[in-house]
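Enquirer: Provided below are the primary sequence and the corresponding predicted coordinates.
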Protein chains: 2
Amino acid sequence: MTGLRELAQGAKTIFIAGHLRPDGDCVGAAVASYRYLKKLYPDAAIHAYVEKVPEVFDFLDPDHTIFVQELPEEPVDLFLVLDSSSKDRLGEAQAVFDTAKQTACVDHHVSNLGYAKDNFVKPGCSSACEVLYGLMEEELIDEKIAEALYIGIIMDTGVFRYSSTTQKTMEIAGSLMEKGIPFWKYIDECFYQRTYTQTQLLGRTLLTSMRLMDGKVIVATVTRRMLEFYGAQTEDIEGIIDQLRVTKGVEVALLLHEIGDQEYKVSMRSNTTIDVSRIAVYFGGGGHVKAAGCTMRGSLHDVVNNITEHIEFQM
Amino acid sequence: MTGLRELAQGAKTIFIAGHLRPDGDCVGAAVASYRYLKKLYPDAAIHAYVEKVPEVFDFLDPDHTIFVQELPEEPVDLFLVLDSSSKDRLGEAQAVFDTAKQTACVDHHVSNLGYAKDNFVKPGCSSACEVLYGLMEEELIDEKIAEALYIGIIMDTGVFRYSSTTQKTMEIAGSLMEKGIPFWKYIDECFYQRTYTQTQLLGRTLLTSMRLMDGKVIVATVTRRMLEFYGAQTEDIEGIIDQLRVTKGVEVALLLHEIGDQEYKVSMRSNTTIDVSRIAVYFGGGGHVKAAGCTMRGSLHDVVNNITEHIEFQM
């Protein structure tokens, strides 16, 4: 088994699935593999399923031909999982996975232990789309496939910014760009663009941010009242923490989102060796060394005091 | 003449210069060519000169061995110009250029007509650093040289975002990353980082921005009073216009910086086919199709009205 072509050979029904709360890498990989397989096997019944495609990626499937919301009743010949480190992240589609005649998984998570029959898991890769690219024949990658793969790569690398980006990632992205995609537009629209509501909320949050511990910690709060005032939703908060993090001198950025009376969802980002996941775990949350979160009760001051104590302890 | 090695062969004194108001590409190219030539010809007297290296790039020359602020009195054997489209952009160093025994120019500006004896001008390249890379022997590029070239490339491509980025650019960046540079740190520090003052000023400006013409135009103002209140300088305004531009639905972003009584410096950015340079030129300014500026007199409302009229005309 060397690639998607061989994997899908002879399959009359192909079901492609991503993980719950899909991100750009997952959506990109689903679209790219759908288009690629449809090109190779136009007579096969191919469907892709992800819980809910974020609106920003709608342009990848403008005719709404790729994604379905219903699950097939009959067992499928091939179930292809993308970017999903474990079977339970498939949600409802798990039932389809369990009855499929053949299952395969394309992923880049180190935690993926190989739950499918065929596993293409490369933890050294920046994204599932990067792994997927390696399973395709270069000459079959057209502009639409390139577009989807490129989106996956930029979303999972923060536009070639995260340390998961390698020379190979850059070369793949370069060859995708060469297919004629307006990559500058995608970076703007998928990565940088925000609604006017988000612009205002970001402005307000940055403006009212405070620095603590000699400027090593920056804290900002989004209250329920602020969301109400700007007509904003919870998802409009996303990205604000990273705008706080890039403030010069900041080692740890904290964003407190008020979700109830004296109850805050705390997001943490670290620029240094301070391990925010340790702090998050202590308070019942979780995450990564440089990006973690938890939910805490108490007054704003209590929450900030409790966290900064743990930051200080690690300094 | 195939590369820097041959170009500098036999030269006992080498003078490297960039353009006035140097940017990251210019500084990166100067540092990279200095280190490369010093490695090849350790006995040659090599100096680099740029008017004033922006503080953010100080880390490229931590021992202060590369850049000099004095000009040599004797004619130099080789004068190497970087990223400078015309001789007059050399400022004071022009006199050294004129008396040099040999001159060479490494550039990527289409407007460069070849004013040196040897010209390595490639308008298809994203940056002077990309052109420079092509003049180096890959195996001689060490981590410090890679670092400087990489900085030049990310600064001139907006981190692989501008349409000047090509497959070649991506491949070169990939091979530089492979030299072991902490590229994620550079992107953060040179590209995204802002001071706390800038964070607050950005917050305030975003918060008080307004949308006009059905959300197709976004306008914000930075007053002298605001700068005073936050203890900000004119350079702290830089970058704010791009944060306005990425607001969804916005075709043109306008930032008005109050510089006197009823006097505004106007920055304009376009996301669409609207040519803001035409508007800027009309009001006595200039720039590019998608990024231009001018200075205007009148009340805030007059200025906005006058500009939006021209935007409407182009719609």
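Expert: Thanks, I have the structure now. Values in this document were obtained by computation on a predicted structure and should not be read as measured data. Numbering: from 1, shown residues only, chains lettered A, B, ... in the order given.

Enquirer: can you pull out the strands in chain A?
Expert: For chain A, the strands defined by DSSP state E occupy A:13-17, A:45-49, A:78-82, A:102-107, A:118-121, A:210-212, A:217-222, A:252-260, A:263-270, A:286-287, A:291-297.

Enquirer: show me what the first one is packed up against.
Expert: In terms of contact count using 3 or more C-beta pairs under 8 Å, 6 or more residues apart in numbering or on different chains; DSSP states H and E, strand A:13-17 is assigned the packing partners helix A:24-40, strand A:45-49, strand A:78-82, helix A:94-99. C-betas here are computed from N, CA, C, even on glycine.

Enquirer: paired strands for the third one, with orientation please.
Expert: On the basis of DSSP bridges, the sheet neighbours of strand A:78-82 come out as strand A:13-17 (parallel), strand A:102-107 (parallel).

Enquirer: by how many degrees do it and helix A:24-40 diverge?
Expert: 150 degrees (axes from the mean of the first three to the mean of the last three C-alpha atoms, to 10 degrees).

Enquirer: contacting residues around strand A:78-82?
Expert: Identification of contacts with strand A:78-82 by C-beta atoms under 8 Å, 6 or more residues apart in numbering or on different chains yields A:7-8, A:11, A:13-19, A:26, A:29-30, A:33, A:90, A:96-97, A:100-107, A:116, A:128, A:132.

Enquirer: then the second one?
Expert: Applying C-beta under 8 Å, 6+ apart, the external contacts of strand A:45-49 come out as A:12-18, A:30-31, A:33-34, A:37-38, A:66-69, A:71-72, A:93, A:96.

Enquirer: can I get it as CSV, trimmed to CA atoms?
Expert: Extracted C-alpha coordinates of strand A:45-49, given in CSV (Å, rounded to 0.1, in the frame of the first residue of the first chain):
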residue,chain,number,x,y,z
ALA,A,45,-19.9,6.8,-4.2
ILE,A,46,-17.7,9.1,-2.1
HIS,A,47,-18.9,11.2,0.8
ALA,A,48,-17.2,13.3,3.4
TYR,A,49,-18.5,13.9,6.9
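
Enquirer: for it, buried residues please.
Expert: Of the residues in strand A:45-49, A:46-49 count as buried by neighbour count, 16 or more other C-beta atoms under 10 Å in any protein chain shown.

Enquirer: same deal with stretch A:94-103?
Expert: Buried residues in stretch A:94-103 (16+ other C-beta under 10 Å): A:96-97, A:100, A:102-103.

Enquirer: report the two of the residues you listed separated the most.
Expert: A:Val96 and A:Gln102 (12.3 Å; C-beta to C-beta).

Enquirer: residues in contact with A:Ser277?
Expert: A:286-289, A:292.

Enquirer: now for these, which pair is the farthest apart?
Expert: The most distant members of the contacts of A:Ser277, if one measures by C-beta to C-beta, are A:Gly286 and A:Val289, lying 11.5 Å apart.

Enquirer: out of the buried residues of strand A:45-49, who's nearest chain B?
Expert: A:Ala48 (26.1 Å; C-beta to the nearest C-beta).

Enquirer: please name the bridge partners of that closest one.
Expert: The partner residues for A:Ala48, given DSSP bridges, come to A:Ile16, A:Phe67.

Enquirer: and A:Ile218, what are its bridge partners?
Expert: Here A:Ile218, judged by DSSP bridges, has bridge partners A:Arg211, A:Ala253.
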